[in-house]
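Novice: sequence unknown, structure follows:
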């Protein structure tokens, strides 16, 4: 009686559970495992589509009809033979039927014809064996739709289902199987389809939680069309294992995996779990105190999730009735329902469902600040909102000229450093954040030009040719983005080591040695905001006396006295050198005023370039008949016959007796040398 009720329940539940999701085309799957091709002859099949039948109707007697609610199903096999299929149930979205006996292996076509003549077709692959097992929840997963048959020593037998319906969970859950005393034998009866044509019983293999179990029978159930069953002995080594996986393979083809719960007696009671808190979480979420409550949990060694991908557990804490751990769900974990278990030694508990939900999209409500300037760095851009913990990027559109770094995210805020390039295009932009769940809404962000820089002070405001000013200081406002200091006219001025703050710009200024650069320049600074106002900077001639020094290379030959000296003219006015006969040797300036004169009969200067401030002067003095000279007023007497003259006073050329010029020149050179060593000046 229990078997009959169970099998009727399976057929109707299979139809009702999946009929809620009709398919657009005719697609056929095993009614037990809900796996697709291949399908076996005489196996029970569910075909889905739209408009498959005009009404819903179930078969009420055997033999099964080939027409229900005006609908028929035909299967044309690989040989071209077409056969009518027996029908269990029809509806507009689903038909449960049999693959006709004798259908040849290979590709086949399933054709559903309605009462009005409309038809829908689908393709299947037919093989001799395609095992599928019925689950208690009519989805091919979880607890098996099975019976436990107990044979006692006295010859009596009892039969019990291995599942029960939980009204709270609204699904079937495991009912514990007690293997009882050693004198009892417990046989598990599994129900399926598609395995009756197996080659031999020895080719039916059963593994329960990795242990081999003996298959006692595998073939037709007998009472229901298309229904098969597998009888297997439950080894006593499974006592206390809790929820165990059952894997059946027929002729090397695996069926879908189902579970049963094997109980035990103390001290080997398996763990029993009753609740999960929370019973679900979002991808990317971390639950510091995920708690499972139940019984016999003191020996728990780990928690398990099936499938386990994307879930990490740590920090396990155990009591007799609870297990607590940190649960980390990867941001990329697939959203779906998982089965949660507790392991104690070799025993696994029953399973409870745990849902991994998609992470919600991030949502932003405010951006602070909501504007910035070209060339600006915002150390802490703050974005507030919801679901921000998994944010991996802050993005601007358009993005050119904006760099985001140092991103930090919490559930309600994101902070980052924002660098805006000096030449970034100004205007309106949008900002959003991105997590693995997707992109948030967008908020506005305005990119402005910085204000024009303004110069208030300049120190120093003048320089000389040549000069290096180590620190040129420019004070004012809006100077932080200054990238250049410019002069107008620009020549002979070099800027380096520029440093800028909001109120001060400093740099090194080199004024080149070129007297042509003397005059007034206009100085300004440039930033992304534009060019500042201009202030005056004056380039002056260098001041100081005309100095002669370093007398060297003195020679007297054939009445010609020659020597070399260095000169330093800070004013840069030395412009010519020349030759004077019978009077003065003169180094003159640009205005014609004399800078240095040597009084003699004939002398020559050379080596002077116009505009030089320092250089080398070559002097050649040619003397012949030695006169006596009248010393002009203002002259420096070096010898009775030779003098250096500063003014333009006339002299008297009076011929007199011959003079030993070599002795006179020797005296002159000695006196001149002493004078030049002390920087004789005009």
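Specialist: Yep, it's here. If you're wondering where the values come from, they're calculated on a predicted model, not measured in any experiment.
Novice: Show the contacting residues for residue 396.
Specialist: Residue 396 is in contact with 402, 404, 429-431, 445, counting by CB atoms under 8 Å, 6 or more residues apart in numbering. (Each C-beta comes from the backbone N, C-alpha and C, glycine too.)
Novice: ditto for residue 253
Specialist: Residues near residue 253 by CB under 8 Å, 6+ apart: 127, 129-131.
Novice: Distance to residue 228, neighbour count and pLDDT added to these, as TSV?
Specialist: Formatted as TSV, the entries for these read as follows, by distance: CB to CB, whole Å; neighbours: other CB atoms under 10 Å; pLDDT from 0 to 100:
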residue	distance to residue 228	neighbour count	pLDDT
127	15	16	96
129	10	20	97
130	11	28	96
131	8	28	97
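Novice: Which ones among those map onto strands?
Specialist: Secondary structure of those is defined by DSSP state E; no position falls in strands.
Novice: The closest residue to residue 36 other than its chain neighbours and residue 371: what is the separation?
Specialist: Spatial nearest neighbour of residue 36, excluding adjacent residues (CB to CB, 6 or more residues apart in numbering): residue 29 at 5.3 Å. The gap separating residue 29 from residue 371 is 59 Å, by CB to CB, to the nearest Å.
Novice: tell me the domain ranges of the chain?
Specialist: As given by automatic domain parsing, the domain ranges for the chain are 22-127, 146-262, 272-357, 364-448, 454-541, 547-677.
Novice: Endpoints of the second one, how far apart?
Specialist: Domain 146-262 has its terminal residues 13 Å apart, counting by CA to CA, to the nearest Å.
Novice: Wait, a helix at residue 100?
Specialist: No - read with DSSP: H, G, I helix; E, B strand; the rest coil, residue 100 is coil and lies in no helix.
Novice: how about low-confidence regions in this protein?
Specialist: By pLDDT under 70, the low-scoring segments of the chain are 1-24, 265-268, 515-516, 542-551, 554-563, 565, 567-615, 617, 619-682.
Novice: residue ranges of the helices in it, please?
Specialist: 2-18, 661-677 (DSSP state H).
Novice: Spatially nearest residue to residue 122 (excluding sequence neighbours)?
Specialist: What sits nearest to residue 122 in space, not counting adjacent residues and going by CB to CB, 6+ apart, is residue 26, at 3.2 Å.
Novice: likewise residue 43?
Specialist: Once its chain neighbours are removed from consideration, residue 43 has its nearest residue in residue 194; the separation is 3.6 Å (CB to CB, 6+ apart).
Novice: That neighbour contacts residue 132, correct?
Specialist: Yes - shown here, residue 194 and residue 132 form a contact pair, counting by CB atoms under 8 Å, at 5.3 Å.
Novice: Which of those two has more residues huddled nearby?
Specialist: The residue with the greater number of neighbours, taking residue 194 and residue 132 and applying other CB atoms under 10 Å, is residue 194; the counts read 32 against 26.
Novice: What residues does the more buried one make contact with?
Specialist: 30, 32, 39-40, 43, 129-132, 228.
Novice: And for residue 325?
Specialist: Residue 325 makes contacts with 290, 303, 313-317, as judged by CB under 8 Å, 6+ apart.
Novice: what does residue 451 give?
Specialist: 477-478, 529.
Novice: redo that, cut-off 10 Å
Specialist: In this structure, residue 451 makes contact with 373, 477-478, 481, 527, 529-530, judged by CB atoms under 10 Å, 6 or more residues apart in numbering.
Novice: Check residue 334 too.
Specialist: By CB under 10 Å, 6+ apart, the contact set of residue 334 is 283, 307, 309-310, 356, 358.
Novice: Likewise for residue 169?
Specialist: Listed by CB under 10 Å, 6+ apart, the contact partners of residue 169 are 279, 352-353.
Novice: ok, and the most crowded of the residues you listed?
Specialist: Note: the member of those with the most neighbours is residue 352, at 19 neighbours, neighbours being other CB under 10 Å.
Novice: That residue and residue 173 touch, don't they?
Specialist: Yes - counting by CB atoms under 10 Å, residue 352 sits close enough to residue 173 to count as a contact (8.4 Å).
Novice: So what's the residue count around the nearest residue to residue 298 once chain neighbours are set aside?
Specialist: Leaving out its chain neighbours, the residue that sits closest to residue 298 by CB to CB, 6+ apart is residue 320, at 4.3 Å. Taking other CB under 10 Å as the neighbour definition, residue 320 ends up with a count of 11.
Novice: Report the contact partners of residue 320.
Specialist: By CB under 10 Å, 6+ apart, residue 320 lies in contact with 294-300.
Novice: From those, list the buried ones, please.
Specialist: Neighbour-count burial within the contacts of residue 320 applies to 294, 296-297, 299-300; the criterion is 16 or more other CB atoms under 10 Å.
Novice: Narrow the residues you listed to those in strands?
Specialist: Within the buried ones among the contacts of residue 320, residues falling in strands by DSSP E are 294, 300.
Novice: Among the buried ones among the contacts of residue 320, which pair sits farthest apart?
Specialist: In those, two members sit farther apart than any others by CB to CB. They are 294 and 299, at 12.4 Å.
Novice: any shared contact partners between the two?
Specialist: Taking CB under 10 Å, 6+ apart as the contact rule, the neighbours common to residue 294 and residue 299 are 271, 320, 342.
Novice: Of those residues, just say which sits nearest to residue 79.
Specialist: When those are compared against residue 79 (criterion: CB to CB), the nearest one is residue 342, at 53.7 Å.
Novice: who's in contact with the closest one?
Specialist: Under the criterion of CB under 10 Å, 6+ apart, the contact partners of residue 342 comprise 242-243, 270-273, 292, 294, 296-297, 299-304, 318, 323, 348-352.
Novice: Bridged to it, which residues?
Specialist: With DSSP bridges applied, residue 342 shows beta-bridge pairing to residue 303.
Novice: same question, residue 245
Specialist: Taking DSSP bridges, one obtains residue 259 as the residues bridged to residue 245.
Novice: what number of residues lie near it?
Specialist: Close neighbours of residue 245, defined as other CB under 10 Å, add up to 14.
Novice: what do you get for residue 387?
Specialist: When neighbours are counted by other CB under 10 Å, residue 387 comes out with 20.
Novice: Residue 25 too?
Specialist: The number of residues near residue 25, taken as other CB under 10 Å, comes to 11.
Novice: ok so, going back, can you tell me which of the contacts of residue 194 is nearest residue 251?
Specialist: residue 129 (4.8 Å).
Novice: Could you measure from that closest one over to residue 218?
Specialist: 10 Å.
Novice: which residues are in contact with both of these two?
Specialist: Between them, residue 129 and residue 218 share the neighbouring residues 195-196, 198, 203, 250, with contact defined by CB under 10 Å, 6+ apart.
Novice: Quick check: PyMOL command selecting the buried ones in those.
Specialist: The following PyMOL command selects only the buried members of these, with burial defined by 16+ other CB under 10 Å:
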select buried, resi 195+196+198+250
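Novice: could I get the shared contacts of residue 129 and residue 218 as CSV with distance to residue 521?
Specialist: Shown next, in CSV, are those (distance: CB to CB, whole Å):
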residue, distance to residue 521
195, 101
196, 106
198, 104
203, 102
250, 99
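Novice: Before I go, just wanted to say thanks for your time.
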